[in-house]
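Novice: only geometry, no sequence info:
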């Protein structure tokens with residue numbers, strides 16, 4: 001249904017009588033909210049808190065990328081805003097070179113589609129939004145990528161999955177694997193907060 005707004009106006013005609021009428025015109029629909037820089041700063045803080053608090057003592061991204069023990073899926077407990085979560089880490093062969101995957105919680109981050117989005121058909125999750133300017137709002141991640149030796153990245157967001165993938169790479173270094181940082185919906189990890197029952 002279209003939204004309409006009316007304005008009351010008055011006019012004097014030739015018979016010197018004053019008439020009032022309402023001019024009705026369509027009202028512009030409000031634009032859906034889009035992600036703000038502050039929203040992406042939350043994702044940046046998730047990553048920096050993961051490096052600071054994870055249970056495997058991975059304090060630098062490069063240490064994760066060069067860890068050959070990640071050939072099988074590994075999980076590391078970490079904290080964000082004092083809430084415990086599990087990060088998933090694994091290493092696998094990619095299309096051009098080895099990839100290291102790190103999956104973290106998105107802390108409720110949502111980016112709504114908007115006119116002018118650069119849409120890509122990527123995989124089974126359907127249409128993704130290309131958001132290659134996102135690291136402007138994620139200085140912690142950008143600094144970690146640079147420190148690890150990466151010089152390029154691509155980023156895609158799926159509104160349907162509420163998932164952000166950031167892939168960093170350096171094609172000039174044959175040893176350094178690509179890294180894929182993924183944000184997804186995750187529940188807090190409460191297992192270690194429960195007092196165990198004696199047998």
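Specialist: It's in. The model shown is predicted, which means the values in this text are computed figures rather than measured ones.

Novice: quick one: residue 152 from residue 168, how far?
Specialist: To residue 168, residue 152 is 7 Å away according to CB to CB, to the nearest Å. Every residue, glycine included, has its C-beta placed from N, CA and C.

Novice: the helix ranked longest in the chain packs against which elements?
Specialist: Assignment by DSSP state H gives helix 37-53 as the longest helix of the chain. Under the contact criterion of 3 or more CB pairs under 8 Å, 6 or more residues apart in numbering; DSSP states H and E, helix 37-53 touches strand 74-80, strand 98-105, helix 139-148, strand 178-184.

Novice: right, and the helix or strand after the first one?
Specialist: Once the chain leaves strand 74-80, the next helix or strand it forms, by DSSP states H and E, is strand 83-93.

Novice: next, the buried residues of that next one.
Specialist: 84, 85, 86, 87, 89, 91 (16 or more other CB atoms under 10 Å).

Novice: tell me which of residue 152 and residue 168 has more neighbours.
Specialist: Between residue 152 and residue 168, residue 168 has the larger neighbour count (other CB atoms under 10 Å), namely 26 against 13.

Novice: contacting residues around the closest residue to the more buried one other than its chain neighbours?
Specialist: Nearest residue to residue 168, sequence neighbours excluded (CB to CB, 6 or more residues apart in numbering): residue 150, at 4.0 Å. Going by CB atoms under 8 Å, 6 or more residues apart in numbering, residue 150 touches 168, 169, 170, 176, 179.

Novice: how does it look with 10 Å?
Specialist: Taking CB atoms under 10 Å, 6 or more residues apart in numbering, we find residue 150 in contact with 61-62, 65, 142, 144, 167-170, 173, 176, 178-179.

Novice: tell me what the closest residue to residue 181 other than its chain neighbours is bridged to.
Specialist: Leaving out its chain neighbours, the residue that sits closest to residue 181 by CB to CB, 6+ apart is residue 166, at 4.5 Å. Residue 166 forms beta bridges with residue 155, residue 181, as assigned by DSSP bridges.

Novice: so residue 166 sits right up against residue 156, yeah?
Specialist: Yes. If you go by CB atoms under 10 Å, residue 166 and residue 156 touch, sitting 8.3 Å apart.

Novice: neighbour count: those two, which is higher?
Specialist: Between residue 166 and residue 156, residue 166 has the larger neighbour count (other CB under 10 Å), namely 25 against 22.

Novice: coming back round to it: which of the contacts of residue 150 are buried?
Specialist: In those, the ones that pass as buried (16+ other CB under 10 Å) are 61, 62, 65, 142, 144, 167, 168, 169, 170, 176, 178, 179.
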